[in-house]
Structure formats: structure tokens, C-alpha cells
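Undergrad: When you get a sec, could you give me coordinates for this:
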Amino acid sequence: MQETVLPVANAPYATLLYILIPLLPFLGFLLNGLLNRKLSGTVAGFVGSATVLGSFLISVLLFWEFLHPAANWAIPGTATHVAYTVQLFDWISVGSLQIPFQYQIDQLSLVMLLLVTGVGFLIHVYSIGYMHHDENVGKFFSFLNLFIFSMLLLVMGSNFVILFIGWEGVGLCSYLLIGFWNKNTAYNNAAKKAFIINRIGDLGFLLGIFLIYLTFNSVQYAEVFQKASLGQFGTYGAGICTAITLLLFVGAMGKSAQLPLYTWLPDAMAGPTPVSALIHAATMVTAGIYMVLRANVLFTLSPDTLEVVAIVGAATALFAATIGLAQNDIKKVLAYSTVSQLGYMFLALGVMGYSTSLFHVLTHAFFKALMFLGAGSVIHAMSNEQDLRRMGGLRKALPITFITFLIGCLAISGIPPFSGFFSKDEILAHAYEHNKVLWAMGLLTAFLTAFYMFRLLFLAFFGEFRGTAEQKHHLHESPASMTFPLIILAVLAAVGGFMGAPMFTGGHHYLAEYLAPIFTYSQRLMPEAFSAELDKGTEYMLMALSVAAGVLGIVLAYVQYVARGQRPAEDEAQRSAPESLVYHKYYLDELYNALFTRPVMWLSAGLYKFVENGVINPVAGVFGRAVNGGGQLLRYVQTGAVETYLILMVVGIVLILGLNFSRL
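TA: Numbering: from 1, shown residues only. This is a model prediction of the structure:
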């Protein structure tokens, strides 16, 4: 893909627009943060939402101009699909290391800008109603704005270092927002868990960036990818790409919650529900997908890494789906579904369905944000109750929430014509071409997804109400500030899939065509991966099996939880060994605690007891006592008595004379 620097002098308005996209949320962060106690919740929400809306409108304008260049001040020559960089200033300049602070504008960054700002705006609006009672609502919107700013910086940077800054920024914001209600110890622990596990992945990502610089003598996307496509690996062979991409994938595993670094994401729902929606749908968890898409040429040159990505993705999708079968917290069910859907996205990446992976990122953002916000509406109506066993019959009291949530469930279950059907079917088709075992794992995951999502729907909205009389008395639909985003997201979840309708249906895969220039190098290196197509008969068969798996899951959930009226057992109930294993999430948290957390705590306690208290403190104490004793002696020198000073002078003179005579 070609690249040119967009000169500021020739395009001042365009440059200003590029700068404003991340700057507006950053200004919202400053205003809400500095005036936290002075702004009312409504004003703070308006400031936070308006700044993100401004970024969204600018992104829409740039997206449109990228498609239809109409003025020289916008994006000159975009009809040729050139990627443009906007250099703001010289940043790092040390010897041969030259890293400018630049933004890169191309098809991938523009799609991500629309996703982050569009869905982010709806979540901000929803938060006005959801958080109006909170005493720190200004701080909350300040953190939300900083989250959006960090994600925008991540997707707009023109090199791996700026990407890494945004990468760390979203990690910091997740810590701040997951533990926002910091008086709750469990929430603080969840925030620390997310922060620490992401540091593990970030170490791999950082090492990957170092190796990229050592190999290509640059971290600029354009230069790195061009050299890689031409086989210019310096003193290293082509195998260096495998090492680079494996390290980059470690970073993606942490940020996008893949086995074995997924355990932070289910606990991330501890924060306010809008935070869960933002993390799970539009920002943090999509960062790993974006990074792999951005570096697609490096992964194309590393087929072994792609195989690892596909296997990890398929395993994560199936593994998390089985855990979702037995969860009773409404937000935890959604959290494990996020882990599972992220696995689908990595499965698509691993089988070189690059545009398909981003397609599922978009559709997933629509229906997952919808369902998290719908869950927030339920929790709001239920006076903060999150246990599905205490709900039931809510569709009458919350009709808008029910209808929109139903649309989200149909979308994630892959039922046509809802958005999830198109993207999930496309992933399974790519997997079928690549490996039948991976395809079978994806198909089984589709069945399990439909079952546990409709299990959630039936337990929450059907049957008799199982909460308290007080909760039933206060049941009510959420305010317009909360239902408006639900309706918009429901529409997107219902029709969003048509941006990538299968060709044989008479549709047009607009997204794949729009993104094609991003994968130019990969297509040149491996054209067969981009030209292979299934015959219509096979595609019809795969589509029928995918839909059948979803319908079967829905029917079984209906039979079990509506027709038979079955309810999940209480926590203390006896369970069979397989049920207990799934209910306790395969005891992975306990395993990690035993293998890593406890040994580190024991080591820390031992070092404190034997090293700090046994060695460091006594040694430091000796020096302290020596200094203190010396001070006690020297204080007698300053007595204020003239007689003492005269005696000391005489003693000093005698000593000096004695030393001089001893030298003669």
C-alpha cells in the first residue's frame, strides 16, 4: 500500500480535522476531570457525550470524503486508495532512530474511528441516565472520555510506538473504570487483575516492537510492511517474522482475552455496566484484532503463527462458550460470550479471513453493546440485582429492553437476517476451507452460543417474577437516555450485516471491497488465500448447518427454561462432576492462584520477613544509630559556653602542633 505525507500547508482544514478527532474527547476528559465537583451529572454527561459526538461527525465526514473526494482541502486523491499520514511534530530522534508523531488515515483506521466514536457516543448517552445518581459522575465521564481518546490514538497512529501508547492508555483506563466504585474490595481486585494480566501480554507486544526495529530499522507501518513484503529482513531470515508475530500475538492474547490470558475479562464486568459495554464492544478488546489486521503482511509471512492464532481462537471460542452455559450473573454470561466471540475473530484471522474478522468486530460491537446496555437496563430496574435466578417475567415491565435484547440474542445466535448471521457464517466458511476440525469447533460454539444466550433471555424475561415484592413494585422501563441507545443499537444489530452480504444472495460485500487496499501486500504474497471461493452448494450447506445449530440451541433453551420451567440450582446445591467443573469455570482462577499468585505472595512475605526485616532493617538501623550517636556527641561542641570553645581551641592547636612535630 502506498503512502504519502499530507502537507499541512496544502490541506490545513484536513489536518485540523485529523487533530480534532482525538483532541475533542481529550478536552472532555480535562473539563470533566478538573470540574468534577462543580458540574452536575447532566452537564458532565453532556460534555462527555458532545465531545465524542463531535469526533464521530468528523469521522463520518472523512469517511465520506475518502469514498467520494469532493474538495482539495479534504483528502486529495483518495480515489486511488492511498494511505495518508499527517505529521504533527518530530518526536523521538536518537541516532538512526527516527519516530515522528504521525497519524495514518486509511480504510482500516476510518472504519475503526466510526466504530469507536459511534458506539462510544451511544454508551456515553446511556451513561447519563445510568449514572445520574453517582456522586462522582464527572470523574466517570472524564475516565470514559480518556478511554475513547486512548483508543483513537491507538487506531490513528502511523507506527507501532504510538499504537503502544494508545494500547497502554486503554489498559490504564480499564483499570480506572473497572475499579471505579473503589470502596468495594472485589471491584478493586478485578481492576488489579485486569491490569496485571494485561502487563503479561504487553511485555510480549513490547518485545515484538523491539524485534521489529532490530529487523527493519524502523517502526513506521509503511516502511516496515514494504520491507517485509520485499523480503528485506536485514541480517535475519524470513523466519524472524514468526518470532515477531508470535510476540505480537502474545500482546493480542492479553488485550483481547484469549486462552490462557482471558481470565481478566469476565471479572471486568465488576465496574459500571456502561464500562462493560465500552470494554467488551468498542474499545479495549478490539485492540488485539486491530493490531493483527494492521500487521497483516507480517502474519501472512508467518503461516505457523497463523496456525497458532486459528487454534487458539477456536479453542477460546469453544472453551468460553461452555462456561457461559452455567453462569447465573447476567453480566458474566455476556462477558464469557465476549471471550467466545473474540475467539471467532481470531479464528478468522488465523485462516486469513482478515476482512471477515473486522466484519465480525463490527457486528459484534452492535449486538454486544446492545446486550450489555440491555443488561444494565434490567439491573437498573431490578435495583442492582444481577442474578438471573432472581428475575423472570420482565418483558411486560420492560418492553423496549426486552425487544431490543431479543434482537441482540438473535444476532449473536446467527439467525438470518440479523447481523451476526452474515459475519459468523463467513467465518465458518473460511474455517471450513482451511481445516474441518476448526470448522466443527466453530459450529459447536454457534450451537452453545444460541443456547446460553436464550437461556439468559428466557430466565430474565419469561416465566414468573422471582425477585422480592419491593423489586417488583419498583419495576419500570428505563428513561429515554437509556432506551434511545438501545433502539439505535438494535437497528444496527438487525441490519448491520448487509454491509457484507454473501455474493450469491445478490448482495454486495461493501466492507471487503472497501478494505481491500489494506491487504494489498498480503494478497500479492498469497493470492490463493484471497481468490479461493466455495461453490454454491457447499456454501448453502454450511449456511444451513450454521442456522440449524443456532435454531437447535434456541429450541432446546426454550424447552428447558420455558416449557419445563427449569431454574438454575443455587450455589450450594450438589452438582455432578461435569456440571461442577463448568460451573466453577474449570477452576482456572484457582489454578492460577495456586501456580502464580500464592507463590508470589509467599515469596513476598518471605522477602519481607527474612530480607527486609532480617537484613535490610537491621543494617539500616546500625547506620541510623551510628549517625544518631555521632550527633549526640557532636552536640556537646555547640554548648554556647565560651570556656568550652577556648578549651577546644587549645586542644586543637596542641593536636596540630603535635602532628607537625611528628613529621620532623
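Undergrad: Mind checking the pLDDT average for stretch 186-203?
TA: For stretch 186-203, the mean pLDDT works out to 93.
Undergrad: Closest to the centroid, which residue in this structure?
TA: The residue lying closest to the centre of the chain (Cα atoms, centre = their mean) is Met284, at 1.7 Å.
Undergrad: residues contacting that one?
TA: By Cβ atoms under 8 Å, 6 or more residues apart in numbering, Met284 lies in contact with 147, 151, 170-171, 173-174, 255, 278. Where you see a C-beta, it was placed from the backbone N, CA and C, and this is true even at glycine.
Undergrad: For Tyr126, state which of those is nearest.
TA: Lowest distance from Tyr126 to the contacts of Met284 (Cβ to Cβ) belongs to Leu278, with 10.0 Å.
Undergrad: Without its sequence neighbours, what residue ends up closest to the closest one?
TA: Ile123 (5.1 Å; Cβ to Cβ, 6 or more residues apart in numbering).
Undergrad: ok, that neighbour to Val622 distance?
TA: Remark: distance between Ile123 and Val622 (Cβ to Cβ, to the nearest Å) = 58 Å.
Undergrad: Show me where the stretch 351-500 of the chain has its strands.
TA: Along the stretch 351-500 of the chain, counting by DSSP state E, counting those that start in this stretch, no stretch forms strands.
Undergrad: Could you pull out the helices in it for me?
TA: Secondary structure of the stretch 351-500 of the chain, counting by DSSP state H, counting those that start in this stretch: helices at 354-381, 399-412, 419-434, 436-461, 469-473, 480-495.
Undergrad: closest to Ile178 out of those?
TA: Using Cβ to Cβ, the nearest of those to Ile178 is helix 354-381, at 13.8 Å.
Undergrad: which strand in the protein runs the most residues?
TA: strand 83-94 (DSSP state E).
Undergrad: Pairing partners for that strand, with directions?
TA: strand 3-5 (parallel), strand 97-105 (antiparallel) (DSSP bridges).
Undergrad: Just say which of the ones you listed is most tucked in.
TA: strand 97-105 (a mean of 19; mean count of other Cβ atoms under 10 Å).
Undergrad: Could you point out the helix or strand that follows that one?
TA: helix 107-130 (DSSP states H and E).
Undergrad: tell me what that next one is packed against?
TA: Contacts defined by 3 or more Cβ pairs under 8 Å, 6 or more residues apart in numbering; DSSP states H and E place helix 107-130 against helix 41-67, helix 137-156, helix 273-277, helix 287-294, helix 354-381, helix 480-495, helix 510-515.
Undergrad: Would you tell me which of these gets closest to Leu88?
TA: Of those, nearest to Leu88 by Cβ to Cβ is helix 137-156, at 10.6 Å.
Undergrad: quick one: low-confidence parts of the stretch 551-664 of the chain?
TA: Filtered on pLDDT under 70, the stretch 551-664 of the chain yields the residue ranges 662-664.
Undergrad: hey, where'd the strands end up in it?
TA: Under DSSP E, counting those that start in this stretch, the stretch 551-664 of the chain gives no strands.
Undergrad: where does the stretch 151-300 of the chain dip in pLDDT?
TA: Along the stretch 151-300 of the chain, the model assigns pLDDT under 70 to no residue.
Undergrad: rerun that using 80 as the cut-off
TA: 234-235, 238, 282 (pLDDT under 80).
Undergrad: same thing with the stretch 1-150 of the chain?
TA: Where the stretch 1-150 of the chain drops to pLDDT under 80, the residues are 1-15, 36-41, 65-84, 95.
Undergrad: Let's see that with 90 instead.
TA: With pLDDT under 90 as the threshold, the stretch 1-150 of the chain has low-confidence stretches at 1-19, 33-42, 61-98, 104-106, 132-136.
Undergrad: of the contacts of Met284, buried ones?
TA: Among the contacts of Met284, those buried by neighbour count (16 or more other Cβ atoms under 10 Å) are 147, 151, 170-171, 173-174, 255, 278.
Undergrad: got a markdown table for those, with distance to Val137 too?
TA: Output for the buried ones among the contacts of Met284, formatted as a markdown table (distance: Cβ to Cβ, whole Å):
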| residue | distance to Val137 |
| --- | --- |
| Phe147 | 15 |
| Met151 | 21 |
| Val170 | 21 |
| Gly171 | 23 |
| Cys173 | 17 |
| Ser174 | 19 |
| Lys255 | 28 |
| Leu278 | 16 |
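Undergrad: what's Trp181 in contact with, if anything?
TA: With Cβ under 8 Å, 6+ apart, Trp181 has these contacts: 187, 271-272.
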